[in-house]
Structure formats: structure tokens, C-alpha cells
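Asker: Sequence unavailable; structure follows:
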């Protein structure tokens with residue numbers, strides 16, 4: 001097993017992974033691309049507090065509403081484009097798309113899908129989780145080999161900055177056709193909008 005968020009968006013990754021093992025099963029966690037872009041910005045802001053505003057980075061020209069698709073925070077969320085590259089090397093049946101939103105609202109359900117996809121017996125259930133109100137995420141009641149609960153690290157669950165709702169709406173409009181194509185390609189409607 002190997003994981004990194006950059007594999008899905010790295011152009012060379014599908015060919016390299018396919019050349020190592022054509023039968024590899026791939027699991028991709030996706031979330032609403034607008035929320036994902038804001039989260040990406042929040043992560044960067046925590047490391048570099050002097051970066052420009054989200055709104056100024058989003059547009060090449062705010063007056064015309066032209067989105068800056070060269071900004072990685074925007075680029076990553078164009079899932080259909082990235083998936084096209086993967087489908088040149090892997091059949092869709094070898095790729096499981098996990099909803100980031102459902103991973104929060106129903107972690108056992110989403111992990112049940114993962115267990116099924118991997119051909120594993122379902123052992124992870126609701127009884128393994130509790131919701132941490134402070135973080136806003138589910139946590140494992142007890143990590144393997146530990147008596148303590150396990151929650152996501154400090155970099156997860158950060159409060160996002162307030163973003164101009166007009167900018168959010170423009171991003172929703174921008175992503176909509178890409179999302180529709182992604183839903184069609186995966187056979188899953190993730191309900192983003």
C-alpha cells in the first residue's frame with residue numbers, strides 16, 4: 001500500500017503505477033472541489049500567513065470572472081480531467097472513489113465500501129467511531145494496539161477563512177460541468193453544488 005494526495009493529479013503517475021502492477025486497486029478520496037480549494041488555501045495560509053487572499057488567487061481577472069486554472073488549489077479539483085489520464089492505464093472497475101463528505105458523515109459506511117472493494121471481510125463498523133465535536137470529524141474509539149482514541153492530526157479540521165459568497169458561487173458554476181462529467185465517468189453522484 002502507498003498513499004499520497006498528489007498521485008491522482010500527477011500526469012506521470014498512472015503510467016508508472018501501471019507499469020509496476022496492472023492489477024493495482026486504486027482508492028481515491030474526493031470532496032467538493034470548492035471546499036477542497038478553500039481547505040488547500042487554509043493549509044497554505046497556516047504555513048505562509050502573508051499569501052494573497054483566496055479571492056485574489058482564484059481569479060485571473062475578477063471583473064470578468066475568469067478563474068485561474070493554473071493555481072493548484074483550483075486545478076486539483078478538476079477531477080474529470082485527472083481521471084481521464086488514469087483511465088488510459090486502468091479500467092474504472094479498479095478505481096474506488098470515496099466521498100470525503102460521507103467519510104465524515106458515515107465513516108463506517110464508506111469504509112465498508114473500501115473493505116468490499118478490496119475483497120476484505122467487513123470488520124470496521126459504527127461501533128469503532130465517535131464524533132469529535134471540537135474537530136468536526138469522526139475519530140477511532142481505540143487505535144490498533146493502543147488504549148487511547150485516535151483523531152486526525154492538528155492539520156485537519158482547521159477553521160476555514162470566510163470567503164466572499166460570490167466567489168464561492170462563481171467557483172461552483174466553474175466546477176459544475178467538470179463535476180457532471182466526473183459523476184458520469186464514475187457512475188456516482190457526489191452531490192456537490
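Answerer: Yep, that arrived. As the structure is a prediction and not an experimental result, all values here were calculated from the model.
Asker: mind listing what the residue nearest to the spatial centre of the chain touches?
Answerer: Nearest to the mean C-alpha position of the chain, counting by CA atoms, centre = their mean, stands residue 30 at 3.0 Å. By CB atoms under 8 Å, 6 or more residues apart in numbering, the residues touching residue 30 are 36, 79, 97-100, 190. The way it works is simple: take the backbone N, C-alpha and C, and place the C-beta from them, glycine included.
Asker: Look up the closest residue to residue 163, ignoring the ones flanking it.
Answerer: Using CB to CB, 6 or more residues apart in numbering and skipping the chain neighbours, the partner closest in space to residue 163 is residue 54 (5.4 Å).
Asker: Residue 31 now?
Answerer: Among residues not flanking residue 31 along the chain, residue 100 sits closest, at 3.1 Å (CB to CB, 6+ apart).
Asker: and what of residue 87?
Answerer: residue 185 (7.5 Å).
Asker: Next: residue 140.
Answerer: The spatial neighbour of residue 140 that comes closest, neighbours along the chain excluded (CB to CB, 6+ apart), is residue 150 at 4.4 Å.
Asker: Let me know how buried the one you found is, in neighbour terms.
Answerer: Applying other CB atoms under 10 Å, we find 12 residues neighbouring residue 150.
Asker: Check the gap between it and residue 124 for me.
Answerer: Look at residue 150 and residue 124: by CB to CB, to the nearest Å, they are 13 Å apart.
Asker: can you check residue 133 too?
Answerer: 22 Å.
Asker: residues touching the residue nearest to residue 87, list them.
Answerer: 80, 83-84, 87, 92.
Asker: average pLDDT for the longest helix along the chain?
Answerer: For the chain, the helix that runs over the most residues, judged by DSSP state H, is helix 165-186. The pLDDT scores in helix 165-186 average 97.
Asker: So which bits of it are buried?
Answerer: Neighbour counts using 16 or more other CB atoms under 10 Å place 167-168, 170-171, 174-175, 179, 181-183, 185-186 of helix 165-186 among the buried residues.
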